[in-house]
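[1] what follows is a predicted protein model with its sequence.
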Amino acid sequence: MSKNILILMFAFTLLISCKNESKSINEEPESIEKQLQKRYAKLMSYQADSLSFPRSYSHKKNEIKKVPSKDWTSGFFAGNLWQIYELTGDEAFKDKAKEWTAFIEQEKFNNRTHDMGFKVFCSFGNGLKHEDNDAYKKIIVESAETLSTRFKEDIGSIRSWDFNRDIWQFPVIIDNMMNLELLFEATKISGDSTFHKLAITHANTTLKNHFRPDNSCYHVVDYDTITGQPRLKVTHQGYNDESSWARGQGWGIYGYTMAYRYTKNTKYLDRAIASTNFFLNHKNLPDDGIPYWDFEDPGIPNAVRDVSAGTVVASALVELYGYTRDKRYLDYSKKVINSLQSEAYILDAAVEAPFILDHSTGNWPKKDEMDEPIVYGDYYFLETLLRLNAL
C-alpha cells in the first residue's frame, strides 16, 4: 500500500472521529418532557386485558406483576390513563382509559373488600371528570352501597380486612380513609345523605384512635366486636408496631385533607396539618423529599425509599395549601415533583413496562415489591402534576 493512500486513510479516520466527537459534545440530553412522553407511550401500548391490570414491575425478574380487578390496585391504571389524557389532551388516552375502566365494573358488588374507593373511584371517578356519564354515576353509588355493608355501627368504622381472623376481630387500617371519597361523592350524586354520614362517623372514629401524641399514626387498629373499643394497635406493613410507616402517614394526611373538603370540619383540617408537620419536620426525611419507606428503619440512610409515599403526600399538600396558604406545603409538593422529574426516578425508555416512576416500596415486611415501579406511585404523581397545574 502506497504512502499516500495510508495518509488519506488516516485523515479520513481522523475526520470521522472528530465528527463523532463533535456530535457527542454538542448533543443535548433528552428533555424530561420527552422522557415522560416515552413513559406515557408505554402505558398506551400495554394490551388491555381484564385479568392483567399492571400493578408493579420487577427489575430482577424483568416481569410485570399483573392482577385481576379484585386486587386493591386495579383502579389506578385506568386512573393513570384518564390523568394522562387530562395532561396531554390526547384522545387516544381517553379511549384507552374507558376500555380499562369498564373492566372494573364487576367490583361494584364485591363486599369482601374495603378498597372500593381505590378501585372504583380512581377509575370511574376520574372518568366522570371528563364526561357526564350516568352509567358511571350509577356504578359509584352501587359501589358505595356495597362498601356500606362493611360498616359496624357499634364500632363506628368500616371493616378493612377479613384475613387474620385468628388474630384480629375488626381491623381498621389508616388506608381506609382514602375510600371515604367514594362515599362523599355517592351522596352528591344520589342525594342520599347516608353515605356522607357514614364517612363522617368512620373519620371521627379513626381520628380518635389512630393517632399518637407525636401526630404520627398507627397502621392497624383492631376493635373488640363486643365493647367496640380498640384492643390492638399494630402494623402490617411498617417496621414495627410503633414505627411510622411512611405511606401510612401519607394516607392519613391525604384522607383528612379530603374529608375537610367535603365537610369543612376544622377538626379534620387540624388533623391534616398536625400530621403534615410530623412528616415534614421528621429528621429522617431526605433532602429531596422522597421518604424512606419507614421513618424508623434502622438502616437509614441505606434503607429503600418509597416514591408512592412521597407522591401521596405531595398531592395532598397541594390541596392543603389551598386551605391554609402555608407555603411550606406547596414547596414540598414542588420539591417532590422536581426530584421525580429526573433520571434518578423516571424509568428508562428501554424498560418495557407500563409505569412511569421507579423506587416505590410495597410491603417491606414481606419483601414484596421492594424499590420498584408501582402503579399507585404513578397515580399520585400525575394527580400532583394536575393539581399544581390548576393553581
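    Great, that's in hand. Remember, predicted model here, so these are calculated numbers, not experimental data.
[2] from here on, just use CA atoms for contacts and neighbour counts.
    Fine.
[3] could you point out which element follows the helix or strand of the chain with the lowest mean pLDDT?
    Least confident helix or strand, the chain: helix 3-26 with a mean of 41, by mean pLDDT, DSSP states H and E. The element immediately downstream of helix 3-26 (helix or strand, assigned by DSSP states H and E) is helix 32-45.
[4] just the mean pLDDT for that next one, thanks.
    What helix 32-45 shows for mean pLDDT is 97.
[5] C-terminal to that helix, what's the next element?
    strand 53-58.
[6] could you give me the buried positions within the next helix-or-strand element following that following strand?
    Remark: after strand 53-58, the chain's next helix or strand is strand 63-67, criterion DSSP H and E. Across strand 63-67, burial judged by 16 or more other Cα atoms under 10 Å covers 64, 66-67.
[7] also stretch 311-328?
    For stretch 311-328, by 16+ other Cα under 10 Å, it's 311-321.
[8] distance-wise, check residue 54 relative to residue 36.
    Distance from residue 54 to residue 36, counting by Cα to Cα, to the nearest Å: 18 Å.
[9] and residue 232, bridged to which residues?
    residue 222 (DSSP bridges).
[10] so who does it touch?
    220-223 (Cα atoms under 8 Å, 6 or more residues apart in numbering).
[11] so which of the residues you listed comes closest to residue 362?
    Using Cα to Cα, the shortest approach to residue 362 within these belongs to residue 220, at 16.2 Å.
[12] what pLDDT does the closest one get?
    Value for residue 220, per-residue pLDDT: 98.
[13] can you check residue 145 too?
    So residue 145 comes in at 98 (pLDDT).
[14] okay, helices next: where are they in the stretch 51-200 of the chain?
    74-88, 91-102, 116, 126-128, 134-148, 180-190, 194-209 (DSSP state H, counting those that start in this stretch).
[15] which of the residues in the last one are buried?
    Using 16+ other Cα under 10 Å as the burial criterion, the residues of helix 194-209 that qualify are 195-196, 198-203, 206-207.
[16] what of the second one?
    Within helix 91-102, the residues that qualify as buried by neighbour count (16+ other Cα under 10 Å) are 93-94, 96-98, 100-101.
[17] now distance to residue 238 and pLDDT too, for those residues, in CSV please.
    Shown next, in CSV, are these (distance: Cα to Cα, whole Å; pLDDT from 0 to 100):
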residue, distance to residue 238, pLDDT
93, 36, 98
94, 36, 98
96, 35, 98
97, 33, 98
98, 35, 98
100, 32, 98
101, 31, 98
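[18] any chance of the residues you listed in TSV, plus distance to residue 342?
    Output for these, formatted as TSV (distance: Cα to Cα, whole Å):
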residue	distance to residue 342
93	24
94	26
96	27
97	26
98	30
100	29
101	30
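[19] thinking again about what came up before, more neighbours: which of residue 54 and residue 36?
    Using other Cα atoms under 10 Å as the criterion, residue 54 and residue 36 rank with residue 54 on top: 24 against 19.
[20] can you pull the contacts of residue 310?
    So residue 310 contacts 247, 250, 289-291, 336 (Cα under 8 Å, 6+ apart).
[21] point out where the protein drops to low pLDDT.
    Residues of the chain meeting the criterion pLDDT under 70: 1-28.
[22] go with 90
    1-30 (pLDDT under 90).
[23] what sits against the nearest residue to residue 234 once chain neighbours are set aside?
    Among residues not flanking residue 234 along the chain, residue 241 sits closest, at 4.4 Å (Cα to Cα, 6 or more residues apart in numbering). Residues counted as contacts of residue 241 (Cα under 8 Å, 6+ apart) are 218, 233-235.
[24] which of these fall in helices?
    Judged by DSSP state H, helices contain none of those.
[25] top of the residues you listed by neighbour count?
    residue 218 leads these on contacts (other Cα under 10 Å) with 26 neighbours.
[26] I figured that residue hits residue 230, correct?
    No. Assessed by Cα atoms under 8 Å, residue 218 is found out of contact with residue 230, at 11.9 Å.
[27] contacts only, for residue 347.
    39, 355-358.
[28] just the ones of these in helices?
    Per DSSP H, the subset of the contacts of residue 347 in helices is residue 39.
[29] neighbour count and distance to residue 142 for the contacts of residue 347 - can I get that in a markdown table?
    Below are these laid out as a markdown table (neighbours: other Cα atoms under 10 Å; distance: Cα to Cα, whole Å):
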| residue | neighbour count | distance to residue 142 |
| --- | --- | --- |
| 39 | 23 | 34 |
| 355 | 29 | 30 |
| 356 | 30 | 32 |
| 357 | 28 | 33 |
| 358 | 27 | 35 |
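[30] ok, the contacts of residue 347 vs residue 137, which is closest?
    residue 355 (28.3 Å).
[31] quick check: phi and psi at the closest one.
    Here is the backbone geometry of residue 355 (degrees, to the nearest 10): phi -140, psi 160.
[32] what do you get for the one 10 residues further on?
    Note on residue 365: backbone dihedrals following degrees, to the nearest 10 are phi -60, psi -30.
[33] residue 46 now?
    According to degrees, to the nearest 10, residue 46 has phi -70, psi 130.
[34] just the one 4 residues further on next, same as before
    Note on residue 50: backbone dihedrals following degrees, to the nearest 10 are phi -60, psi -10.
[35] surely it touches residue 70?
    No. In this structure, residue 50 is not within contact of residue 70 by Cα under 8 Å, at 10.4 Å.
[36] residues in contact with stretch 60-72?
    50-58, 74-75, 103-104, 107, 110, 115-116, 118-119, 353.
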